[in-house]
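> below is the structure, and that's it, no one-letter string:
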């Protein structure tokens with residue numbers, strides 16, 4: 001049966017069916033990245049525990065961590081993938097094909113694409129904003145002759161959000177009903193960052209939001225981050 005026909009008939013629910021489709025598509029000659037994105041579009045599980053590791057693909061029910069799901073699916077078909085291309089995608093955010101936004105959206109689905117944008121702006125860009133302001137604070141202190149890192153993080157959070165990180169984290173956990181502990185997992189950190197993004201949108205005016213977004217995107221650019229992992233000017237892959 002043709003892979004595209006298989007795809008259209010597949011019920012997007014079961015993990016085994018999605019992995020089976022991914023295997024058959026790759027062995028049938030479809031480019032592994034295209035098959036991977038189609039499989040991502042089919043999968044509906046928001047989070048799971050696999051090999052004692054928790055995978056949360058949908059942060060706060062809104063922000064889709066598609067690269068985490070890509071990692072999970074790549075693991076399931078590891079022997080079928082070129083190691084260098086897989087490593088470039090999962091560790092450096094560099095896909096083996098440059099797809100248009102339209103093609104990327106078509107392959108993973110409109111709903112997941114918009115959830116991916118929530119993740120990109122709410123977690124990736126928000127994290128870059130924190131780094132950008134951190135650099136500003138450090139430069140100011142060096143100009144004044146201070147070389148200490150004391151209270152840099154709190155100053156960054158005060159400038160962006162109007163309160164220290166500790167106060168905001170406590171507020172976030174209280175709102176979510178999470179325990180007030182000293183450590184924080186990667187999943188909770190992502191959720192906290194997304195919460196900070198939405199908190200900032202509520203607190204700031206549109207001009208400030210636009211300025212902060214521009215600053216954060218510039219930070220991503222100088223760090224070599226591939227914007228959105230898709231390229232508008234590239235031709236679609238058929």
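In hand now; what should we look at? Note that the coordinates shown come from a computational prediction; the quantities given were computed from them, not determined experimentally. Numbers count the residues shown, from 1 in each chain.
> so what's the most centrally placed residue in the chain scoring on pLDDT?
In the chain, the residue lying closest to the centroid (C-alpha atoms, centre = their mean) is residue 65, at 4.3 Å. The predicted local confidence for residue 65 comes out at a pLDDT of 96.
> before we move on, what about residue 231?
Listed pLDDT for residue 231 reads 41.
> next: residue 51.
So, for residue 51, pLDDT stands at 84.
> that older thread, from residue 105, how far off is the residue nearest to the centre of the chain?
In this structure, residue 65 and residue 105 are 17 Å apart, going by C-beta to C-beta, to the nearest Å. Just so you know, the C-beta spots here come from the backbone N, C-alpha and C atoms, and that holds for glycine as well.
> for this protein, what helix or strand is lowest in average pLDDT?
helix 3-9 (a mean of 45; mean pLDDT, DSSP states H and E).
> after that one, next one along is what?
From helix 3-9 onward toward the C-terminus, using DSSP states H and E, the following helix or strand is helix 15-27.
> nearest residue to residue 105 in space, please, no chain neighbours.
Nearest non-adjacent residue to residue 105, counting by C-beta to C-beta, 6 or more residues apart in numbering: residue 113, 4.2 Å away.
> and if you look at residue 129?
With sequence-adjacent residues excluded and distances taken as C-beta to C-beta, 6+ apart, residue 129 is closest to residue 216, at 3.8 Å.
> which residues touch the one you found?
With contacts defined as C-beta atoms under 8 Å, 6 or more residues apart in numbering, the neighbours of residue 216 are 125, 126, 128, 129, 132.
> from residue 138, how far off is it?
17 Å.
> do residue 44 as well
Counting by C-beta to C-beta, the separation of residue 44 from residue 138 is 44 Å.
> pLDDT wise, what is residue 235 at?
Among the per-residue scores, residue 235 shows a pLDDT of 33.
> tell me how the chain divides into domains.
Under the assignment named as automatic domain parsing, the residue ranges that make up the domains of the chain are 3-97, 114-222.
> tell me how many other residues crowd residue 72.
Residues contacting residue 72 under the criterion other C-beta atoms under 10 Å number 19.
> before we move on, what about residue 213?
When neighbours are defined as other C-beta under 10 Å, residue 213 has 15 of them.
> need the three-state assignment for the residue located most distally from the centre of the chain.
The outermost residue of the chain relative to its centre, with distances by C-alpha atoms, centre = their mean, is residue 145 at 37.3 Å. Reducing the assignment to helix, strand or coil with DSSP: H, G, I helix; E, B strand; the rest coil, the entry for residue 145 is coil.
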